[in-house]
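Novice: Build the 3D model from these lines:
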Amino acid sequence: MIEQIIQLLAKIELGKTTEINFISWAVENLQNGKEAPSLVLLAGLHSNEKDQAKSLFEKALSEMNLSYPDQQTVLMEAAKFIAKDI
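Specialist: Predicted structure coming up:
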């Protein structure tokens, strides 16, 4: 799950995806039996509320006892995506 989170953040950093993907991530986790109040809120966001997605994502990680990846880890993953495109 941590790898999926890092990849999501790296893609957002590179502009290859949007905050809407936080919502999809939340829906997928709920379908897989994960539970957290902010996860439910995030999954229920409408596309016009996407500005709230990142903060709810961070809260959901905390509620699920998952740590938010550090910036260096996210940037290293972003570099891997760039390298694959070469």
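
Novice: List the buried residues in stretch 70-80.
Specialist: 74, 77-78 (16 or more other CB atoms under 10 Å). C-beta: built from backbone N, CA, C; applies to glycine.

Novice: which residues touch it?
Specialist: 6-7, 9-11, 13-14 (CB atoms under 8 Å, 6 or more residues apart in numbering).

Novice: Just give me the closest of these to residue 31.
Specialist: The nearest member of the contacts of stretch 70-80 to residue 31, counting by CB to CB, is residue 7 at 18.5 Å.

Novice: What does the pLDDT read for that closest one?
Specialist: pLDDT, residue 7: 84.

Novice: Which residue ranges of the protein form helices?
Specialist: With DSSP state H, the ranges of helices along the chain come out as 2-13, 20-31, 37-43, 53-63, 71-85.

Novice: Tally up the residues packed near residue 46, please.
Specialist: 8 (other CB atoms under 10 Å).

Novice: Now it: phi and psi?
Specialist: phi -90, psi 160 (degrees, to the nearest 10).

Novice: From residue 28, how far off is the residue nearest to residue 54 when sequence neighbours are not counted?
Specialist: Closest residue to residue 54 apart from its sequence neighbours, by CB to CB, 6 or more residues apart in numbering: residue 19 at 6.0 Å. To residue 28, residue 19 is 15 Å away according to CB to CB, to the nearest Å.

Novice: List the contacts of the closest residue to residue 59 other than its chain neighbours.
Specialist: Nearest residue to residue 59 in three dimensions, chain neighbours excluded: residue 38, at 3.8 Å (CB to CB, 6+ apart). Neighbouring residues of residue 38 by CB under 8 Å, 6+ apart: 56-57, 59-60, 62-63.
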